[in-house]
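Trainee: Pasting a predicted model and its sequence here:
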Amino acid sequence: MAVSGGIVILDFGSQFTQLIARRIREFNVYSEILPFDASLEKIKSLKPVGIVLSGGPNSVYDKGAPQRPDIEKLLELAPTLGICYGMHLLSHTLGGEVKSSTHREYGKMEITWATKLSEGVPLKQTVWMSHGDLVLNLPKGAVGLAKSDSGHWAAVESKTPGHGFMALQFHPEVSHTQYGTEILKSFVFDRCKAKINWDGQKLSSHLIEEIKNKVGPKERVLCALSGGVDSTVTAVLLTKALGKDRVHSVFVDTGLMRLNEAEQVMKSYKEIDLPVKSVMAEKEFLAELKDIEDPEKKRKIIGRVFIEVFERATRDFPCQFLAQGTLYPDVIESVSVHGQSVTIKSHHNVGGLPEKMGLKLVEPLRELFKDEVRRLGRELKIPSVLLDRHPFPGPGLGIRILGPVNKDDLEILRKADHIFIDELRKQNLYDKIWQAFVALLPIRTVGVMGDGRTYDRVVALRAVTSIDGMTADWFPFDHEFLSHVSSRITNEVKGVSRVVYDVSSKPPATIEWE
């Protein structure tokens with residue numbers, strides 16, 4: 001989907017690199033991510049009107065830290081924005097001084113601008129910091145734009161060399177930064193003079209063309225269906241691109257799904273005339289997961305068993321490709337495709353595939369965020385009952401049971417989760433929340449029911465609001481709602497005597513517990 005005249009983002013390993021790209025696309029300006037060490041020739045070929053140097057986990061002084069000795073040549077191509085590590089790299093390479101801070105700045109902080117950046121940005125604002133280094137001395141020709149409350153440079157700019165640069169110590173791309181969108185818009189439109197060149201509302205024609213270019217005219221695709229939004233959109237998109245005779249969609253009932261979900265999913269697929277083969281594999285998954293506590297091992301096992309089941313299911317339908325509904329957040333939290341991002345957790349879609357599975361991979365949604373996928377689904381005329389479901393992880397309830405997975409614990413979790421979601425729908429809260437679920441914790445606590453002592457399980461409620469899943473805030477339920485849900489769960493789910501509510505945001509937590 002490459003489009004010339006957009007913004008090129010060089011990935012130095014930030015967990016938010018893809019989020020920068022998405023924010024810029026929201027302005028209807030094309031953005032593309034390249035590895036931090038992409039050649040000048042590659043960057044030039046895209047004819048960018050602007051360049052962004054992302055954040056990253058390294059210090060510019062670290063051994064092996066990603067570098068760009070040709071920074072001055074980059075600046076000759078287009079105006080450049082450095083974010084966090086990008087600011088340090090610009091300052092260090094162009095003669096400034098970067099040093100390790102004795103006090104790491106992480107989280108929300110207030111900064112003050114020397115002069116107004118634009119009409120939409122006030123002189124004082126709250127931003128999201130995440131760094132251990134700071135710029136002590138600016139490069140020659142650079143001037144300070146803003147300082148943090150701790151007196152450190154929060155924003156700088158330089159008119160020389162080349163097109164000049166702007167650099168920010170904070171992350172404007174995350175929702176925690178106030179007026180972050182306005183700051184990015186100021187760079188994209190005021191400094192780069194970008195033109196509207198990207199229509200995110202008409203993705204299907206682009207993606208269908210890409211699928212046809214990747215999958216040969218005689219090749220066939222095995223589509224892994226989980227029942228969620230991503231895999232459903234993937235299956236419909238592939239079927240539209242290649243036809244029903246070349247796409248073999250398989251739904252695996254892993255035994256790790258929510259209450260009555262397998263039956264509901266197959267009914268929905270039948271209603272939209274999507275041919276799907278259902279495979280029952282609960283015993284196989286539970287046998288492989290027996291006594292496994294480590295969440296990374298569980299994810300890898302679930303990914304491996306998925307592939308094994310798919311291979312058996314397609315023996316009479318030889319395929320050359322395996323399709324998966326991998327999205328940007330899956331890739332970011334699993335492994336860096338474009339740069340050096342630190343692995344947070346492996347995802348079964350990208351972290352558990354056997355090296356010799358014999359199938360090539362097609363992931364048509366891997367450059368999209370969830371809201372873009374939903375828009376794509378509407379473009380493909382998929383009904384809202386399938387599109388507006390909360391995200392559900394590929395490994396299913398296997399990563400919502402902390403510790404070993406067994407059938408008894410799955411039943412406890414299913415019942416508790418069903419009650420929580422049922423109450424959200426009754427109170428018209430479901431559509432106000434990005435994702436809600438229950439996690440079963442690996443602890444027991446003392447309780448009392450009737451006149452007897454109990455020593456039963458603890459469940460945690462999780463509900464977050466988000467735009468794209470990259471950042472998230474916990475939902476502020478009123479006390480009466482939480483009290484009612486807790487009462488229902490402890491009264492109706494045998495084996496649970498305590499309910500807690502998770503009030504952690506992302507970052508620093510992830511949305512799922514494992």
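Mentor: Ah, there it is. Numbers count the residues shown, from 1 in each chain.
Trainee: Going by C-alpha atoms from here, please, whenever you check contacts or count neighbours.
Mentor: Will do.
Trainee: Quick one: end-to-end length of stretch 149-164, please.
Mentor: Its first and final residues considered, stretch 149-164 spans 26 Å by Cα to Cα, to the nearest Å.
Trainee: how about low-confidence regions in the stretch 51-200 of the chain?
Mentor: 102-105, 131, 200 (pLDDT under 70).
Trainee: And the strands in it, which stretches?
Mentor: 80-83, 97-113, 124-137, 142-148, 153-158, 165-168 (DSSP state E, counting those that start in this stretch).
Trainee: distance between the last one and the chain's centre?
Mentor: Right, the one you point to is strand 165-168. Averaging C-alpha positions (Cα atoms, centre = their mean, to the nearest Å) puts strand 165-168 25 Å from its chain's average.
Trainee: got the strands of the stretch 51-200 of the chain as a markdown table, with distance to Ala509 and mean neighbour count columns?
Mentor: Listed next are the strands of the stretch 51-200 of the chain as a markdown table, based on distance: least, Cα to Cα, whole Å; neighbours: other Cα atoms under 10 Å:
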| stretch | distance to Ala509 | mean neighbour count |
| --- | --- | --- |
| strand 80-83 | 22 | 28 |
| strand 97-113 | 12 | 16 |
| strand 124-137 | 14 | 20 |
| strand 142-148 | 25 | 20 |
| strand 153-158 | 25 | 23 |
| strand 165-168 | 24 | 25 |
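Trainee: Could you dump those strands into CSV with distance to Pro66 added?
Mentor: Output for the strands of the stretch 51-200 of the chain, formatted as CSV (distance: least, Cα to Cα, whole Å):
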stretch, distance to Pro66
strand 80-83, 14
strand 97-113, 15
strand 124-137, 15
strand 142-148, 23
strand 153-158, 21
strand 165-168, 17
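Trainee: mind checking which of those strands is nearest Leu482?
Mentor: Set against Leu482 and scored by Cα to Cα, those come closest in strand 97-113, at 27.7 Å.
Trainee: what's the closest of the strands of the stretch 51-200 of the chain to Thr445?
Mentor: Using Cα to Cα, the nearest of these to Thr445 is strand 97-113, at 33.3 Å.
Trainee: Strand partners (parallel or antiparallel) of that closest one?
Mentor: The pairing partners recorded for strand 97-113 under DSSP bridges are strand 124-137 (antiparallel), strand 142-148 (antiparallel).
Trainee: residues in contact with the last one?
Mentor: So that's strand 142-148. Contact with strand 142-148 is made by 109-115, 138, 153-160, as judged by Cα atoms under 8 Å, 6 or more residues apart in numbering.
Trainee: and of these, the nearest to Pro364?
Mentor: Comparing these against Pro364 with Cα to Cα places Ala155 closest, at 37.1 Å.
Trainee: shouldn't that closest one be in contact with Phe165?
Mentor: No - contact criterion Cα atoms under 8 Å: Ala155 and Phe165 do not qualify, at 10.7 Å.
Trainee: And the strands paired with strand 97-113: which comes nearest Ile83?
Mentor: Set against Ile83 and scored by Cα to Cα, these come closest in strand 124-137, at 10.4 Å.
Trainee: what is the orientation angle of the closest one with strand 153-158?
Mentor: Orientation check (axes from the mean of the first three to the mean of the last three Cα atoms, to 10 degrees): strand 124-137 against strand 153-158 gives 70 degrees.
Trainee: remind me which residues of this protein are low pLDDT?
Mentor: Short version for the chain, where the test is pLDDT under 70: 1-2, 102-105, 131, 200-201, 328-357, 450-452.
Trainee: hang on, the earlier thing: Thr254: which of the strands paired with strand 97-113 is closest?
Mentor: Nearest to Thr254, of all those, is strand 124-137, at 38.8 Å by Cα to Cα.
Trainee: Pull the distance from the closest one to the chain's centre.
Mentor: For strand 124-137, the distance to the chain centre is 24 Å (Cα atoms, centre = their mean).
Trainee: Check stretch 264-271 too.
Mentor: Centroid separation for stretch 264-271 versus its chain: 27 Å, with Cα atoms, centre = their mean.
Trainee: returning to what we had before: overlap of the contact sets of Ala155 and Phe165?
Mentor: Residues touching both Ala155 and Phe165 (Cα under 8 Å, 6+ apart): none.
Trainee: Nearest to Val485, out of the contacts of strand 142-148: which one, please.
Mentor: Lowest distance from Val485 to these (Cα to Cα) belongs to Met109, with 35.4 Å.
Trainee: Next up, the contacts around the closest one.
Mentor: Neighbouring residues of Met109 by Cα under 8 Å, 6+ apart: Thr126, Val127, Trp128, Met129, Ser148, Asp149.
Trainee: farthest-separated two in the residues you listed?
Mentor: Comparing all pairs in the contacts of Met109 by Cα to Cα, the longest separation belongs to Trp128 and Asp149, at 12.8 Å.
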